[in-house]
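**Student:** predicted structure and sequence below. I'll ask about it afterward.
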Amino acid sequence: MRAQQKPVVGWREWVELPELLDAAVKAKVDTGARTSALHAFRLRVDRDGDGTTTASFEVHPRQRSTADSVRVTCSVTGFRDVRSSDGRSESRPVIVTPVSLGGSTWPIEVTLTSRDAMGFRMLLGRSALKRRFLVDPGRSYLLSRAPSTEPGGPRR
């Protein structure tokens, strides 16, 4: 797809993770992060006798709210050493799951980590954006609107 034909996303967008959550999640579009990341707490990784690795974790899908949590179990495809914004390196489980944004759905790699201290439940990294979107860092929600279930309705 040529650059002028690519849709433009803002620095934050609402994304859907249809195989993990029923609700949309507010994501920060982060071209400085290679891999996308999802806030996961009570994370447990188990290896079965047949070599299958699964992650079981909870997610708070609503921004700045710990009132609701969703329990998720999914396959782990591997582990990745990720350097956080404060310079620390951490080995994180990686899952592959579809993401939906702007009328398109495609599989992305997502690392699971606690993002309690961060402003966004999810980072959408450059690997997820590559060859699909251009980013306008001065604008928000160019391809998405807040879900109707979000308190206060759509925010711009």
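**Tutor:** All right, it came through fine.
**Student:** alpha carbons only for contacts and neighbour counts from here, please
**Tutor:** Will do.
**Student:** point to the residue nearest the middle of this structure.
**Tutor:** Centroid check for the chain by Cα atoms, centre = their mean gives Met122 as the closest residue, at 3.9 Å.
**Student:** I figured that one hits Lys26, correct?
**Tutor:** Yes: with contact defined as Cα atoms under 8 Å, Met122 reaches Lys26; the gap is 6.8 Å.
**Student:** what sits against the residue nearest to the centre of the chain?
**Tutor:** 25-28, 36-39 (Cα atoms under 8 Å, 6 or more residues apart in numbering).
**Student:** of all these, which comes closest to Val96?
**Tutor:** For the contacts of Met122, the residue nearest Val96 by Cα to Cα is Ser36; the value is 10.2 Å.
**Student:** what is the burial count for that closest one?
**Tutor:** Using other Cα atoms under 10 Å, Ser36 has 24 other residues around it.
**Student:** now do Arg34
**Tutor:** Residues near Arg34, counting by other Cα under 10 Å, number 17.
**Student:** state the distance from it to Val110.
**Tutor:** In this structure, Arg34 and Val110 are 10 Å apart, going by Cα to Cα, to the nearest Å.
**Student:** tell me where this structure has strands.
**Tutor:** Taking DSSP state E, the strands of the chain run over residues 8-10, 12-15, 25-30, 36-39, 41-47, 53-59, 70-75, 78-83, 89-101, 104-113, 122-125, 134-136.
**Student:** paired strands for the fifth one, with orientation please.
**Tutor:** So that's strand 41-47. Partner strands and pairing direction for strand 41-47 (DSSP bridges) are strand 53-59 (antiparallel).
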